[in-house]
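S.K.: Would you be able to build a 3D model of this:
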Amino acid sequence: EVQLVESGGGMVQPGGSLRLSCATSGFTFSNYDMGWVRQAPGKRPERVSWMYSDSTMPYYASSVKGRFTISRDNAKGILYLQMNNLKPEDTALYHCARGDGPDTESWGQGTQVTVSS
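M.R.: Residues are numbered from 1 along each chain as shown. The predicted structure follows:
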């Protein structure tokens, strides 16, 4: 059974930092492109960051570029998202995502990030 389990979310003040983790099991993590997708209430999902299976060419949405850093540990099967200088507009449910093919992804249940003073 494929499992994507996110952790590390929480409530933080503007300017703060959080590190999200996604622990995976049930598949060969190193074979898959992985990333993070977030969804705020009433908004469409947004791909925040993505990384190829070999850790090359990370992608960042323009809204997070320079503040977020994606990384992966292929030996442990864990995906990370370091989020710095968080803003209220970063508030969302953050999902770990596995690339399954063109326009196809599998998501975890998500971890809530709330940025508020």
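
S.K.: if I pick the residue nearest the centre of the chain, what's in contact with it?
M.R.: What sits nearest the mean C-alpha location of the chain, by Cα atoms, centre = their mean, is Trp36, with 2.7 Å. In this structure, Trp36 makes contact with 20, 22, 47-50, 70, 79, 81, 94-97, judged by Cβ atoms under 8 Å, 6 or more residues apart in numbering. From N, CA and C alone the C-beta is placed, and that goes for glycine too.

S.K.: ok, now Asp100?
M.R.: Residues touching Asp100, when contacts are defined by Cβ under 8 Å, 6+ apart, comprise Tyr32, Ser106.

S.K.: coming back round to it: show me what the residue nearest to the centre of the chain is bridged to.
M.R.: Judged by DSSP bridges, the bridge partners of Trp36 are Ser49, Cys96.

S.K.: Would you quantify the distance from it to Ser117?
M.R.: Computed with Cβ to Cβ, to the nearest Å, the distance linking Trp36 and Ser117 is 24 Å.

S.K.: Check Lys87 too.
M.R.: Taking Cβ to Cβ as the measure, Lys87 falls 11 Å from Ser117.

S.K.: tally of neighbours for Ser116?
M.R.: Other residues near Ser116 number 10, with proximity taken as other Cβ atoms under 10 Å.

S.K.: Could you do Thr114 as well?
M.R.: Using other Cβ under 10 Å, Thr114 is surrounded by 15 other residues.
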